[in-house]
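Engineer: sequence? don't have it. structure:
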């Protein structure tokens, strides 16, 4: 295979995984935001509890869908992927809590706006860590 054809193949594969990651991310975000809205109403505005429960549910969906569809790494590597993914979750969760505090308490935005800004902030970080560390070929 010529170098140009190999480059085209690599770019196509990279773009496909990124597009799928964005699609999974959109599904995850929709789940996250919908659940957050429902729970914040159910918990009478307690956004900390609502965002925490929504986060756990949505990241479970995110890991499973990316493992199966985006990176197609559903082999026996779960014992290596899951601890790495949990590290990513902790990092993203801390970013979420900090951004929520800053946007809600300091800038007086609504918790919904804070959550949308947080999702945007963590999206690219999550893709890069997922592609090159969590779901890489071991």
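Structural biologist: Structure's in. What do you need? Keep in mind the model is a prediction, meaning the values are calculated, not measured. Numbering: from 1, shown residues only.
Engineer: the helices in the chain, which residues?
Structural biologist: Listed in chain order, the helices found in the chain under DSSP state H are 3-42, 47-65, 78-101, 111-129.
Engineer: residues touching residue 95, list them.
Structural biologist: By C-beta atoms under 8 Å, 6 or more residues apart in numbering, residue 95 lies in contact with 118, 121-122, 125. From N, CA and C alone the C-beta is placed, and that goes for glycine too.
Engineer: repeat that for 6 Å
Structural biologist: Contacts of residue 95 were listed using C-beta atoms under 6 Å, 6 or more residues apart in numbering, and they are residue 122.
Engineer: show the pLDDT at it.
Structural biologist: Note on residue 95: pLDDT of 90.
Engineer: and residue 107, what pLDDT?
Structural biologist: The model reports residue 107 with a pLDDT of 95.
Engineer: next: the one 10 residues further on.
Structural biologist: Residue-level confidence at residue 117 comes out at 85, pLDDT.
Engineer: ok, now residue 137?
Structural biologist: Model confidence at residue 137 (pLDDT) stands at 61.
Engineer: switch to numbering from 45
Structural biologist: From this message on, residue numbering opens at 45, which makes the last subject residue 181.
Engineer: looking at the helices of the chain, which is nearest to residue 179?
Structural biologist: Set against residue 179 and scored by C-beta to C-beta, these come closest in helix 122-145, at 6.4 Å.
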